[in-house]
Each structure stands twice: as C-alpha cells, then as structure tokens.
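Engineer: pasted the sequence and its predicted model underneath.
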Amino acid sequence: MDDGPGIDAQDRAGSVRTPGGAADGAAADRSTAAEPAADGATPDSPAWTELAARLSTESAWRRRVIEEITDAIVRDLPAFGRDSELAAAVRDSVDDNARLFIAMVERGVDPASAEPPAMAGAFIRLVVHRGIPVDALTQTYRTAHGAFWRTWVSELRSAIADPQELATALEQGSGYMFTFIDTLTAKAQRLYAEERARWIRSADAVRAQTIRELLDGLPVDAAAAGRRLRHALDREHLAVVAWSTDGGVGAPSLEPALRDALAPLGAGQPLTTVLGTGLLAGWVGSRNGFAPEDLRALRLDPGAVRDLGAIVAVGTPSRGVDGFRQAHHEAMHARRVAQLRLAPPGSVVHYDAVAVAALASADQEQARRFVEEQLGPLLGGDRESVRLAETLEAYLEEHASPRRAAARLGVHENTVAARIRTTETRLGRPLAGRTTELLVALRVLPLVRG
C-alpha cells in the first residue's frame with residue numbers, strides 16, 4: 001500500500017493559491033479559512049456561459065483541465081500522490097466539483113447554494129479515514145481554486161477582445177468563483193468534522209487502522225492485531241480486491257459479491273475493508289494453504305456482474321504478516337493491469353497470470369517507450385497490427401515453431417510463416433536474439449496500445 005497517512009507540515013506548507021492577480025482584475029489573496037465572498041452574483045458576460053458550455057461538451061479539454069488541477073494538488077500535497085487510492089479520489093472529487101461549477105454557471109445558479117457533490121463527499125470521508133488533518137483538506141480546495149482560475153482566465157482572454165468587457169468579466173467571475181469555493185470549503189470542513197466524530201467511535205476505524213499498519217509495514221503485535229481483526233495472521237493469506245466498472249457503485253455494495261466468490265474456498269468469512277471510492281479489499285486465510293485449481297475456479301456471480309459491473313483481482317497466496325501485505329500488493333498490481341486492459345465486468349484477474357505485465361508497466365511512460373522501441377509498427381489497434389502481434393507472441397512462445405504456433409492459432413503454418421516475414425519487414429530488423437525483449441513488450445502491448 002502506498003503511503004496514505006502522514007501528511008506533514010511541509011506537505012501543507014504550499015502557499016494558498018490566489019486566482020489571477022492585479023493584471024487579471026481578481027480579488028486579493030485570502031486566508032484558508034472559508035469566508036463569504038463579497039460579490040457572488042452570477043456574471044452576466046456571455047463569454048462566461050459560453051466557456052461553461054465548452055467545458056460541458058468538449059470532454060478532451062475538460063479532462064486536460066481536471067488533470068492540471070489534480071497535478072497542482074499533488075504538487076502542493078505530495079502525500080496525496082503517494083497513496084494511489086487518495087490520488088484517484090482527488091481526481092474524482094475535482095471532476096465532480098468542476099461539473100457542478102459548470103452546471104451552476106450555465107444555469108445562473110447562486111454560488112452560495114453549492115453543495116459538495118457525491119465524489120467530493122467520498123473524498124472527504126477517505127481523508128478522515130486516513131487520519132489526514134482538516135487543514136490539508138482545506139488546502140486541496142484552495143489549490144484547486146487557483147489552478148482552475150488560471151485556466152479560466154486564459155480562456156476568457158482568448159474569447160474577449162474588448163479590454164473593458166474583459167475586465168468586467170474577470171471582476172464578476174472572481175466574485176462568483178470565490179463564493180463557490182468558499183461555500184464548498186466551509187461545507188467540506190463541516191462534513192469532515194461530522195465524519196470524524198462518527199469514525200473515531202466506530203469499530204471500522206479500529207479495523208481500518210490495524211489493516212493500514214499491516215499494509216504499511218509498521219511494527220505490529222501479530223497476535224493482538226489478529227484478535228482485533230478476528231483474522232489470524234499466522235497462516236496463508238489470499239488477498240483480493242473488488243471494484244466496479246460503474247462509477248456509481250460504492251465499495252460496501254461489492255461485499256456480498258466478494259463473499260460469494262470466495263465461498264467455494266471454504267476459508268470462512270473474508271476480512272474486508274474499504275480502500276477508497278468503489279474499491280473493496282478482502283482476505284481469507286488457511287492453515288493448509290490454497291490449491292491452485294481452486295483459485296482458478298473463482299468466479300463472480302452473474303447477478304453481481306450484471307447489476308454491479310463487478311471485477312476482482314487476486315494476489316498470490318502468501319503466509320504470515322508479510323504475506324498478508326505482499327498478497328494485497330499483488331492484487332492491487334493485478335487490478336492496475338486489468339484497468340489498463342479495460343477488463344470487462346465479470347473478470348477475475350490473477351496476479352501470477354499478469355506478473356510480467358505488472359512489473360514492466362509500473363512506470364507507464366517508460367513501458368510505452370519500451371514497447372515503441374521493440375514493436376513500434378505493431379502498436380496500432382488496427383486489425384492487421386493486432387493479428388501480427390498475436391501471431392508473433394504465439395510464434396515466440398512456441399520456440400519459433402510455425403507448426404506449433406499454427407496449431408495454437410488455428411491457422412495453416414504457411415500463414416504463420418508469412419505473417420512472421422511481414423512482421424520482420426515492418427519492424428525493420430530480424431527477430432533472432434530478441435526473444436526476451438519481444439515477449440516482454442508483447443505482454444505490455446495491450447496496456448499501452450492506443
């Protein structure tokens with residue numbers, strides 16, 4: 001598990017972002033405390049609503065803006081980036097808040113009426129459960145404010161030629177956006193306080209904290225931790241994670257599906273914990289270990305696939321406290337590969353089946369460059385490129401035997417030979433002496449293609 005808690009003073013020390021500046025006609029800098037804006041009236045500039053409409057309809061541009069805001073938050077608060085679940089929750093919250101802002105601008109809604117949307121609420125709960133202080137949460141809103149305002153100002157400057165009209169739009173817009181952010185920040189702080197009061201009294205908090213300590217590799221008393229979790233740690237652990245292709249499905253909804261999938265193993269009720277929005281982790285233990293054939297038989301209930309869009313990733317069984325942690329890390333790596341491959345609902349992805357792809361794609365940019373170097377002309381998603389890549393993989397795995405590759409693919413061996421010649425021509429160099437590099441690149445290819 002990536003570092004979750006522990007956002008220290010240095011992480012929170014990034015200065016509060018001030019939208020615009022004197023040249024932008026924006027309001028002066030404000031403190032991190034949520035204060036009502038002086039003027040939250042809806043801007044009457046047509047450029048405002050036109051820009052909101054653009055954000056609403058141009059998904060690629062909106063995604064770029066969301067990524068820029070998310071990156072700004074992670075730069076100011078690095079611990080949010082080190083925890084993969086927190087990083088994903090930050091992005092989802094930014095996206096949901098941006099959608100809310102756009103909708104309110106388009107409809108001319110008073111920004112003082114803004115309420116934190118669903119994914120923002122989920123992010124706030126996760127921040128509480130990670131033990132992150134409220135001032136770090138507040139800083140995410142201030143940083144997002146500054147990053148979004150800079151983009152908004154840039155677009156307004158491009159859209160409005162008249163200096164007086166631009167100055168009016170910037171002045172009105174500054175008041176509107178400050179009121180929107182101040183309102184959301186104050187309500188986020190209140191939600192944080194309410195959730196924290198509930199959380200510190202709950203058994204879930206004790207369980208989640210114990211699991212977090214185990215996954216972070218902190219020193220623990222294994223026997224005491226096992227008693228708190230009601231899950232003995234001196235045995236072999238099978239770790240799984242479940243999620244949904246439907247972003248509206250919460251992690252608790254996945255628990256029955258996960259429990260049913262693991263039931264055939266006869267290992268009792270799983271230990272489960274919510275890791276983030278729509279992500280559930282689970283473990284079952286066995287003193288005698290798990291048979292490989294039983295693990296391969298794991299299936300999700302068709303109803304869970306149909307109604308929830310459920311997917312499960314499975315780590316390699318491992319023993320003891322270290323095994324509890326290692327099996328979970330492997331399940332999370334298998335999940336990453338499944339997401340990159342756009343695995344369909346109902347998939348059960350085993351780490352040992354995707355270990356090479358998981359290892360080789362840990363740095364996705366480096367993985368893409370490696371695949372481009374080895375298989376560049378086959379990187380496309382067109383039918384011919386896909387067919388040549390599949391044939392090359394079968395050919396290399398069958399020790400360069402056209403006959404065995406043909407039997408595996410269900411084609412004539414002359415067809416395999418012809419495809420291999422075409423592949424060598426496309427690649428511009430022979431295959432000999434490059435088997436290992438090519439096979440690794442072929443494993444990673446589906447994760448980076450198009």
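Structural biologist: Perfect, I can see it now.
Engineer: tell me how many other residues surround D162.
Structural biologist: For D162, the tally of surrounding residues (other Cβ atoms under 10 Å) stands at 9. No exception for glycine: its C-beta is placed from N, CA and C like everyone else's.
Engineer: need the phi and psi values for it.
Structural biologist: When read as degrees, to the nearest 10, the backbone of D162 gives phi -80, psi 120.
Engineer: same deal with R130?
Structural biologist: Given degrees, to the nearest 10, the pair of backbone angles that R130 has is phi -80, psi -10.
Engineer: quick one: it from E115, how far?
Structural biologist: Separation of R130 from E115 (Cβ to Cβ, to the nearest Å): 23 Å.
Engineer: quick check: closest non-adjacent residue to the residue nearest in space to the middle of the chain.
Structural biologist: In the chain, the C-alpha nearest the mean C-alpha coordinate belongs to A88, at 3.8 Å (Cα atoms, centre = their mean). Spatial nearest neighbour of A88, chain neighbours left out: G276 (6.2 Å); criterion: Cβ to Cβ, 6 or more residues apart in numbering.
Engineer: residues contacting that neighbour?
Structural biologist: Contacts for G276 (Cβ atoms under 8 Å, 6 or more residues apart in numbering) come out as E85, L86, A88, A89, A122, L126, A251.
Engineer: tell me which two in those are the farthest apart.
Structural biologist: L86 and A251 (14.6 Å; Cβ to Cβ).
Engineer: mind listing the strands for this protein?
Structural biologist: 236-244, 271-276, 279-286, 310-314, 318-319, 348-350 (DSSP state E).
Engineer: okay if I get the ones you listed as CSV plus mean pLDDT and distance to S401?
Structural biologist: Formatted as CSV, these follow (pLDDT from 0 to 100; distance: least, Cβ to Cβ, whole Å):
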stretch, mean pLDDT, distance to S401
strand 236-244, 94, 37
strand 271-276, 88, 45
strand 279-286, 94, 40
strand 310-314, 94, 32
strand 318-319, 95, 36
strand 348-350, 95, 27
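Engineer: with distance to R341 as new columns, can those be given to me in CSV?
Structural biologist: Compiled in CSV, those are given as follows (distance: least, Cβ to Cβ, whole Å):
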stretch, distance to R341
strand 236-244, 14
strand 271-276, 20
strand 279-286, 17
strand 310-314, 11
strand 318-319, 24
strand 348-350, 8
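Engineer: in the stretch 1-150 of the chain, which spans are helices?
Structural biologist: 9-12, 46-57, 59-76, 78-82, 84-107, 118-129, 134-159 (DSSP state H, counting those that start in this stretch).
Engineer: tell me what the fifth one is packed against?
Structural biologist: In other words, helix 84-107. Applying 3 or more Cβ pairs under 8 Å, 6 or more residues apart in numbering; DSSP states H and E, one finds that helix 84-107 contacts helix 46-57, helix 59-76, helix 78-82, helix 118-129, helix 134-159, helix 163-199, strand 271-276.
Engineer: what's the closest of those to P430?
Structural biologist: Nearest of the helices and strands packed on helix 84-107 to P430, taken as Cβ to Cβ: helix 59-76 at 39.8 Å.
Engineer: check which helices and strands the closest one sits against.
Structural biologist: So helix 59-76, by 3+ Cβ pairs under 8 Å, 6+ apart, packs with helix 46-57, helix 78-82, helix 84-107, helix 134-159.
Engineer: that helix vs helix 84-107, what angle?
Structural biologist: Put simply, helix 59-76 runs at 130 degrees to helix 84-107, going by axes from the mean of the first three to the mean of the last three Cα atoms, to 10 degrees.
Engineer: contact partners of helix 59-76?
Structural biologist: Residues contacting helix 59-76 (Cβ under 8 Å, 6+ apart): 11, 14, 17, 54-56, 80-81, 87, 90-91, 94-95, 98, 139-140, 143-144, 146-148, 151.
Engineer: ok, now with 7 Å
Structural biologist: Residues from elsewhere that reach helix 59-76, judged by Cβ atoms under 7 Å, 6 or more residues apart in numbering: 14, 54-55, 80-81, 87, 90-91, 94-95, 98, 139-140, 143-144, 147-148, 151.
Engineer: helix 134-159 and that helix, what's the angle between them?
Structural biologist: Orientation check (the same axes, to 10 degrees): helix 59-76 against helix 134-159 gives 140 degrees.
Engineer: angle of helix 59-76 against helix 46-57?
Structural biologist: Going by the same axes, to 10 degrees, helix 59-76 makes 90 degrees with helix 46-57.
Engineer: return the distance of helix 59-76 from the chain's centre.
Structural biologist: Counting by Cα atoms, centre = their mean, to the nearest Å, helix 59-76 is centred 14 Å from the centre of its parent chain.
Engineer: could I have the CA atoms of that helix written out in CSV?
Structural biologist: Output in CSV follows, covering the C-alpha atoms of helix 59-76 (Å, rounded to 0.1, in the frame of the first residue of the first chain):
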residue,chain,number,x,y,z
SER,A,59,-14.6,16.2,-22.9
ALA,A,60,-11.0,16.1,-24.0
TRP,A,61,-10.4,19.7,-23.0
ARG,A,62,-12.3,19.1,-19.7
ARG,A,63,-10.1,16.1,-18.9
ARG,A,64,-7.0,18.1,-19.5
VAL,A,65,-8.2,20.8,-17.1
ILE,A,66,-9.1,18.2,-14.5
GLU,A,67,-5.6,16.6,-14.8
GLU,A,68,-3.9,20.0,-14.4
ILE,A,69,-5.9,20.7,-11.3
THR,A,70,-5.2,17.3,-9.8
ASP,A,71,-1.5,17.6,-10.6
ALA,A,72,-1.4,21.0,-8.8
ILE,A,73,-3.0,19.5,-5.7
VAL,A,74,-0.5,16.6,-5.7
ARG,A,75,2.4,19.1,-6.1
ASP,A,76,1.2,21.1,-3.1
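Engineer: higher neighbour count, L86 and A251?
Structural biologist: A count of neighbours by other Cβ under 10 Å puts L86 above the other of L86 and A251, at 26 against 22.
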